[in-house]
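*Asks:* No letters, just coordinates:
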């Protein structure tokens, strides 16, 4: 073990990075690896159960991702327990345990919906409705905390304008982009994440946890969401150009969509109730 290496700090930084200096060069590869591993398990599950990976499934998954973002905002505000012990509930209220919890919830809800309603109802719609209920109940509680409504509405407006501009631009100049709603959602997700980070930094005096993002924000805060949107457009172009149509292509886009929708909303929601954890 290298001199000066603190194993206890490293373990804590992987299992609870926001409490131990944020995402650093040492823990980021492990956290990203865990994130991709969880998604790989979800993909295997969907293929094994022969669930079609299409836009309807993506829209049904979306409420679960936002529910996860709301749960994280509660943890940031000390309304839910925080733990690095996988045997305790608090482990599943923050990254990376939150990802495990949400993925497990998605798989369990999808399995139950398919098992109970296949052949009787559209089980994907039942699965999506369950997610909407979870998201709605958590939002009702969230708004009982008296968040800064104007900040939330202003954030939504800026994100909407930026998303429309980027989608229209990409639809006009990037041939494979137009008409693919997965692409639109991926752009919106990254617009939420990028713009939310800038807004909470400027309006709420919050700081960024990831060392790369923090460096870019210190250099030029406007550049941060611009770079995120450029990168997502480049990624989508490569996916559309080199991957055949089908479940694999759609699932890769679901991963990109999840990256935005489970992180960006959390930043806005947390900052709106006066926290920056």
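*Replies:* Now that the structure is in, tell me what you want to look at. Everything quoted here is computed from the prediction, not taken from an experiment.
*Asks:* Where does pLDDT dip in the chain?
*Replies:* The chain contains residues with pLDDT under 70 at 1-35, 204-221, 277.
*Asks:* Output the longest helix belonging to it.
*Replies:* helix 149-173 (DSSP state H).
*Asks:* Run through the strands of the chain in chain order.
*Replies:* Here the chain has no strands by DSSP state E.
*Asks:* quick one: contacts of the longest helix of the chain?
*Replies:* The contact list for helix 149-173, computed with C-beta atoms under 8 Å, 6 or more residues apart in numbering, reads 177-179, 183-184, 187-188, 191-192, 195-196, 199, 203-204, 225, 229, 233, 236, 264, 268-269, 271-272. (C-beta placed from N, C-alpha, C; glycine too.)
*Asks:* can you do 6 Å?
*Replies:* Helix 149-173 is contacted from outside by 177-178, 184, 187-188, 191-192, 195, 199, 229, 233, 268, 272, using C-beta atoms under 6 Å, 6 or more residues apart in numbering.
*Asks:* list the buried ones in stretch 103-110?
*Replies:* Judged by neighbour count (16 or more other C-beta atoms under 10 Å), stretch 103-110 contains these buried residues: 103, 105, 106, 109, 110.
*Asks:* and the gap between the fourth one and residue 239?
*Replies:* What that stands for is residue 109. The gap separating residue 109 from residue 239 is 27 Å, by C-beta to C-beta, to the nearest Å.
*Asks:* Repeat that for the second one.
*Replies:* Between residue 105 and residue 239 the distance is 27 Å, computed by C-beta to C-beta.
*Asks:* repeat for the third one
*Replies:* If you measure residue 106 against residue 239 using C-beta to C-beta, the figure is 22 Å.
*Asks:* burial measure for the residue nearest to residue 103 when sequence neighbours are not counted, as a count.
*Replies:* In space, and not counting its chain neighbours, residue 103 is closest to residue 38: 4.9 Å by C-beta to C-beta, 6 or more residues apart in numbering. Per other C-beta atoms under 10 Å, the neighbour tally for residue 38 reads 17.
*Asks:* mind listing what the closest residue in space to residue 97 that isn't next to it in sequence touches?
*Replies:* Using C-beta to C-beta, 6+ apart and skipping the chain neighbours, the partner closest in space to residue 97 is residue 91 (4.0 Å). Neighbour list for residue 91: 83, 85, 97 [criterion: C-beta under 6 Å, 6+ apart].
*Asks:* Can you flag the buried ones in these?
*Replies:* In the contacts of residue 91, burial by neighbour count holds for 83, 97, counting by 16+ other C-beta under 10 Å.
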